[in-house]
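**Student:** pasting the structure only:
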């Protein structure tokens, strides 16, 4: 795999970052806090979908300098033997896509992960633990506790599946049950033999039943014919009974018809009866008009008396015109208005003189003003009673006008009503008919009673005639039906009830034989099923015995396999063998790096450093520079061994904690690493804030501003 380019937008410290990765060794430099490591974490997150290398939740990787609506993503372009790919993962909005060789984009997380792992040839765990990892974390495998180091190495070499396989073998072994059968094959064979004997005996009983005793078709035909004859006989008897009853009904109807006809003939209304009825109805209407006239006249006379009485009362209570009456207009009203205005003006003048203490026109004061005030006061005292009398007379005059006007209006209304009632009383009384109202009512009642009787008798006669016609038709139909049925079932003297009883007995006997055979056949089927069931149990029992034997062999095999697959046995041995090959490769790189020591491991996977002067130290006690060189050699051995398809090395801050001498030791290794990069195409990314590292690399991607 080769990284081609990286684009970050609103990711951690980077609002916009667009890098193209060259071949060889590239230094990623910049001051602390500039986002060097976060850029590499962005490339790692693009490949794996894992944004958890920074503490906090996913959204905390979004740049704090952008708005809530701005998008945030990481985009990585890389090349493999299968072609070019571009993976783009958004932090906001939540979406992702992988495009391989211009094919339609993949958007599902599982589909993207499996496709990327297939393209680069390693799992996401290898990328996390051995490719995109801090250099000092890389040295941790040399200092891990024994059990953790074994697990880490087994995971590196793909042997961690052995422990999973061990657990699966253990689970499979625990699920295998070796149970002894509760019965024997011999017992089932004896039961099958016993059931077979019963089955043979039952089949002999079924064969002994004659076939003639099982067929009742002829008997059923005869029984059906007898029952049909019985039904015809029953129908003939019912028809004869109905014919007799209908003849009797016809005779009764023919006897009653003359009586009804005679009564109807007696009710002769006459030709002129309808004309006479119309005349009497006119008399009835005339008498109604006369009664209405008398009632209306009585009401009008009472109304007239009431109106005349009200007119008399109203005239008696007519208001009396007050003394000193003042018209609402004219000379009296003008004199009253002028006097009122004059007095009011003098009152205002007096108030002004008293308030201002001088004449408002000429400015006079002193005795003259006092005389003027005295004269005005005297005048007002003398004229005020006269003005009060005039005001009272004016009020009484207006009250009189109002009352007299209301009386005049009411008198006018009553006079008009009196004239109307008198005009109604002048109408003449209608002429009375020559026949009294009692005679009119009696004639109409007698006519209606006679008419109702005639209508009832006419309807009764029509009903009798209809019933006679219906009875004759019924008699004719019954006679024809009796004749037809008598021809179908002539009277031969056969007792059909006795014949039916005998035939039913024969049918019952056949049914009994048939039920007996059915019962035997059901018992036969039950025995056959029982034998089949026992045969199945016998076969299953044989299979269970064989399965128990195989389960015992399988369980024993799993128990032996568990011993072999335990992580301290075969997986550990394989890990030791793989590690020895890795150590050989590491020593080759240490020799290329001119390191003063070589590395070896024992059967307990403990790493030891052996120096050129013969000294031996545990790897954990090496100096800082020696540890960096050892970790680099280990990563290269892993790179060209387990992760050969990745062909990428990421060194994050390899100089942390190193002094100048150790950095120079690292420079020797980097010179050799540069030659290896050119020969093998290894792409190396080095994250560092040391300017010395830039001189060791082929290219530089700088975050210095």
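**Tutor:** Looks like it arrived, so ask away. Keep in mind that what you see is a predicted model, and the values were worked out from it rather than measured. Numbering: from 1, shown residues only.
**Student:** can you pull out the strands in the stretch 51-200 of the chain?
**Tutor:** 72-80, 83-92, 96-100, 132-134 (DSSP state E, counting those that start in this stretch).
**Student:** kindly reformat the ones you listed as CSV containing mean neighbour count, distance to residue 340 and mean pLDDT.
**Tutor:** The way it works is simple: take the backbone N, C-alpha and C, and place the C-beta from them, glycine included. Compiled in CSV, the strands of the stretch 51-200 of the chain are given as follows (neighbours: other CB atoms under 10 Å; distance: least, CB to CB, whole Å; pLDDT from 0 to 100):
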stretch, mean neighbour count, distance to residue 340, mean pLDDT
strand 72-80, 21, 98, 95
strand 83-92, 18, 95, 94
strand 96-100, 18, 106, 93
strand 132-134, 19, 117, 78
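**Student:** those strands: which one's closest to residue 146?
**Tutor:** Across the strands of the stretch 51-200 of the chain, the minimum distance to residue 146, taken as CB to CB, is reached by strand 132-134, at 21.6 Å.
**Student:** for the closest one, which helices and strands make contact with it?
**Tutor:** In this structure, strand 132-134 packs against helix 36-48, strand 648-652, with contacts taken as 3 or more CB pairs under 8 Å, 6 or more residues apart in numbering; DSSP states H and E.
**Student:** Throw those into JSON lines and include mean pLDDT and mean neighbour count, thanks.
**Tutor:** Formatted as JSON lines, those follow (pLDDT from 0 to 100; neighbours: other CB atoms under 10 Å):
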{"stretch": "helix 36-48", "mean pLDDT": "92", "mean neighbour count": "23"}
{"stretch": "strand 648-652", "mean pLDDT": "88", "mean neighbour count": "23"}
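**Student:** quick one: closest of those to residue 107.
**Tutor:** Closest among those, using CB to CB: helix 36-48, at 14.7 Å.
**Student:** relative to strand 96-100, how tilted is the closest one?
**Tutor:** 70 degrees (axes from the mean of the first three to the mean of the last three CA atoms, to 10 degrees).
**Student:** got the angle for helix 36-48 vs strand 648-652?
**Tutor:** Put simply, helix 36-48 runs at 140 degrees to strand 648-652, going by the same axes, to 10 degrees.
**Student:** quick one: contacts of helix 36-48?
**Tutor:** Helix 36-48 has contacts (CB atoms under 8 Å, 6 or more residues apart in numbering) with 3, 6, 8, 11-14, 17, 19, 28-30, 50-51, 53-54, 74-76, 78, 87-89, 113, 116, 120, 124, 127-128, 132, 650, 652-653, 685, 687-689, 703.
**Student:** residue 559 is in contact with residue 176, correct?
**Tutor:** No: applying CB atoms under 8 Å, one finds residue 176 not in contact with residue 559, separated by 10.1 Å.
**Student:** format the helices and strands packed on strand 132-134 as JSON lines; extra columns: distance to residue 168.
**Tutor:** JSON lines is the format used below for these (distance: least, CB to CB, whole Å):
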{"stretch": "helix 36-48", "distance to residue 168": "27"}
{"stretch": "strand 648-652", "distance to residue 168": "34"}
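**Student:** which stretch among those comes nearest residue 540?
**Tutor:** Evaluated over the helices and strands packed on strand 132-134, closeness to residue 540 peaks at helix 36-48, with 52.8 Å, by CB to CB.
**Student:** quick one: distance of that closest one to the chain centre.
**Tutor:** Computed by CA atoms, centre = their mean, to the nearest Å, the chain-centroid distance of helix 36-48 equals 44 Å.
**Student:** and the angle from it to strand 83-92?
**Tutor:** Computed by the same axes, to 10 degrees, the angle between helix 36-48 and strand 83-92 is 110 degrees.
**Student:** what are the buried residues along stretch 489-509?
**Tutor:** 489, 496, 499, 500, 503 (16 or more other CB atoms under 10 Å).
**Student:** ok, of the contacts of helix 36-48, which come out buried?
**Tutor:** Listed as buried from these are 3, 6, 8, 11-14, 17, 19, 28-30, 51, 53, 74-76, 78, 87-89, 113, 116, 120, 124, 127, 132, 650, 652-653, 685, 687-689, 703; burial here means 16+ other CB under 10 Å.
**Student:** who's in contact with residue 16?
**Tutor:** 8, 9 are the contacts of residue 16 under CB under 8 Å, 6+ apart.
**Student:** check residue 686 too.
**Tutor:** Per CB under 8 Å, 6+ apart, neighbours of residue 686: 25, 26, 27, 28, 651, 654, 693, 696, 697.
**Student:** so what does it look like in phi/psi?
**Tutor:** Taking degrees, to the nearest 10, you get phi -120, psi 120 for the backbone angles of residue 686.
**Student:** tell me the domain ranges of this protein?
**Tutor:** Taking automatic domain parsing as the reference, the chain has its domains at 1-121+645-705, 311-425.
**Student:** export those to CSV and tack on distance to residue 192?
**Tutor:** Below are those laid out as CSV (distance: least, CB to CB, whole Å):
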stretch, distance to residue 192
domain 1-121+645-705, 57
domain 311-425, 127
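**Student:** which one of those lies closest to residue 596?
**Tutor:** Nearest of the domains of the chain (CB to CB): domain 1-121+645-705, 9.1 Å.
**Student:** so where is the stretch 251-400 of the chain shaky, pLDDT-wise?
**Tutor:** Scanning the stretch 251-400 of the chain for pLDDT under 70 picks out 268-275, 358-365.
**Student:** run the last query once more with 50
**Tutor:** Residue ranges of the stretch 251-400 of the chain with pLDDT under 50: none are present.
**Student:** all helices of it, in order?
**Tutor:** Taking DSSP state H, counting those that start in this stretch to define them, one finds helices in the stretch 251-400 of the chain at 273-316, 331-356, 367-425.
**Student:** how about the strands in the stretch 501-650 of the chain?
**Tutor:** Under DSSP E, counting those that start in this stretch, the stretch 501-650 of the chain gives strands at 597-601, 607-611, 616-618, 648-652.
**Student:** in the second one, what counts as buried?
**Tutor:** The neighbour-count check on strand 607-611 (16+ other CB under 10 Å) flags 607, 609 as buried.
**Student:** list the strands paired with that strand, with their directions.
**Tutor:** strand 597-601 (antiparallel), strand 616-618 (antiparallel) (DSSP bridges).
**Student:** circling back to that earlier point, now for the domains of the chain, which one comes closest to residue 298?
**Tutor:** domain 311-425 (10.5 Å).
**Student:** I'd like the distance from that closest one to the chain centre, please.
**Tutor:** That offset, for domain 311-425, works out to 88 Å (CA atoms, centre = their mean).
**Student:** before we move on, what about stretch 589-599?
**Tutor:** So, by CA atoms, centre = their mean, the centroid of stretch 589-599 is 72 Å from its chain's centroid.
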